[in-house]
Each structure stands twice: as structure tokens, then as C-alpha cells.
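[1] Mind looking at a prediction? Sequence and model below.
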Amino acid sequence: MPTKLPKYAHWVAERRFLVDAAAMPKLDESKARRIEDLYIADGRLRLRAITHASGEREFKLAKKYAPETPLIGPMTNLYLDADEYAVLSKLPGARISKRRHKVGGFVVDVFEGPLEGLITAECEATNRMAAMAVEIPPWCVREVTTELAYTGGALAQAQAVPA
């Protein structure tokens, strides 16, 4: 792990899994958030629009720094208003959309568009040890934390669900 955290960043430890839809609990669509991401070309910036179940919208610009290990890395967020989001959303990049559900200590993402059928689960912690200690539910069938094809930026560029 890097010894110096970039200014304004915080550590994020994430683990990602493929989900068996038939084995997981029923998702309540009325509580889901819709997430639309733009992975801006030629960098590590992600522009995100979140539509909450209430209809309220939230906008943010994130940077995930290149991690030394796939499990933990620095990240920073900048919250935007609708006008700022509108300006930045015109930048070139790759787009992805999904419905996000909270299931216990996990978020479950049900992808739309070319990735329809892909369902992933993610748990997040503030350090590596806490992330490794998370109890993995049986509906998480394969860990893909270290597989680059399952990162948000790679999925946004994919035209089909990775094999």
C-alpha cells in the first residue's frame, strides 16, 4: 500500500463478486437507486449521476487512483450541482448504467444495456483486514476483485458481459 495518501483522498477497500440471481434474496425495486456513470476518456475520472428511489438526484465526480493492489486504493469525490454535471457529461468517455440495491452489508448492481444479465455484489471497508473479514453470502459465487474486466471502467467499455 502506498505510504502517502493523495491530498483530499481516502482509502477504500473493495471486494467484488459475481452473483447467482436465482440464489440471492428478492430485490426491492422500489428502494433501488439508478446509477449512470461516465468514465471520462484518457484518465481515471468517473462522472456519476444517482437517481434515488425518491426521485432526488445526486451528482459527483470521482477519481480512483491506480491501486498498488486490487483490494485497496485511494479515492476522492467532488459533489456537483446539476449545471456542473451537465457541462461535464458532454466529455468523451464510456458510459454504463445499473440499478443499485442494498442487501445486508453489500451493494448489488444489476446492469442495464449491453451488460444486461450481469449482476455483481460489492462490499466496502476502510482497510484491507476489514474487507477480508467480511462474511461472503452463498449467492456471491465468484470473486472478481482482481479481474480487470470487472472494473467499472472496463465494464463501461465492454459491449457484452465478460466471460
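    Sure, I can see it.
[2] rest of the way, CA atoms for contacts and neighbours
    Noted.
[3] ok, which stretches of the chain are helices?
    When assigned using DSSP state H, the helices of the chain occupy the ranges 82-88, 128-133, 152-157.
[4] Now tell me what touches the first one from outside.
    When you say that, I think you mean helix 82-88. Contacts to helix 82-88, defined as C-alpha atoms under 8 Å, 6 or more residues apart in numbering, come from residues 47, 59, 60.
[5] Just name the closest of those residues to residue 78, please.
    residue 60 (5.5 Å; C-alpha to C-alpha).
[6] looking at it, the closest one is touching residue 80, isn't it?
    Yes - between residue 60 and residue 80 there is a contact under C-alpha atoms under 8 Å: 5.3 Å.
[7] where does this structure have its least confident helix or strand?
    Among the helical and strand segments of the chain, the one scoring lowest on mean pLDDT, DSSP states H and E is helix 128-133, with a mean of 89.
[8] Run the chain-centre distance for it.
    Distance, stretch centre to chain centre, for helix 128-133: 18 Å (C-alpha atoms, centre = their mean, to the nearest Å).
[9] just checking, what packs against it?
    Secondary-structure packing of helix 128-133 (3 or more C-alpha pairs under 8 Å, 6 or more residues apart in numbering; DSSP states H and E): strand 10-19, strand 119-125.
[10] mind running it again at 7 Å?
    For helix 128-133, the elements it packs on are strand 10-19, judged by 3 or more C-alpha pairs under 7 Å, 6 or more residues apart in numbering; DSSP states H and E.
[11] can you list contacts of the strand it packs on?
    Applying C-alpha atoms under 7 Å, 6 or more residues apart in numbering, the external contacts of strand 10-19 come out as 71-76, 119-128, 131, 139-145.
[12] change it to 6 Å
    71-75, 119-128, 139-145 (C-alpha atoms under 6 Å, 6 or more residues apart in numbering).
[13] Partner strands of it, with direction?
    Looking at strand 10-19 with DSSP bridges, its partner strands are strand 72-80 (antiparallel), strand 119-125 (antiparallel), strand 140-143 (antiparallel).
[14] Single out the most deeply packed of those strands.
    Among the strands paired with strand 10-19, strand 119-125 has the highest mean neighbour count (mean count of other C-alpha atoms under 10 Å), at a mean of 21.
[15] With distance to residue 162 and mean pLDDT as added columns, please give the strands paired with strand 10-19 in a markdown table.
    Listed next are the strands paired with strand 10-19 as a markdown table, based on distance: least, C-alpha to C-alpha, whole Å; pLDDT from 0 to 100:
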| stretch | distance to residue 162 | mean pLDDT |
| --- | --- | --- |
| strand 72-80 | 23 | 92 |
| strand 119-125 | 12 | 95 |
| strand 140-143 | 13 | 97 |
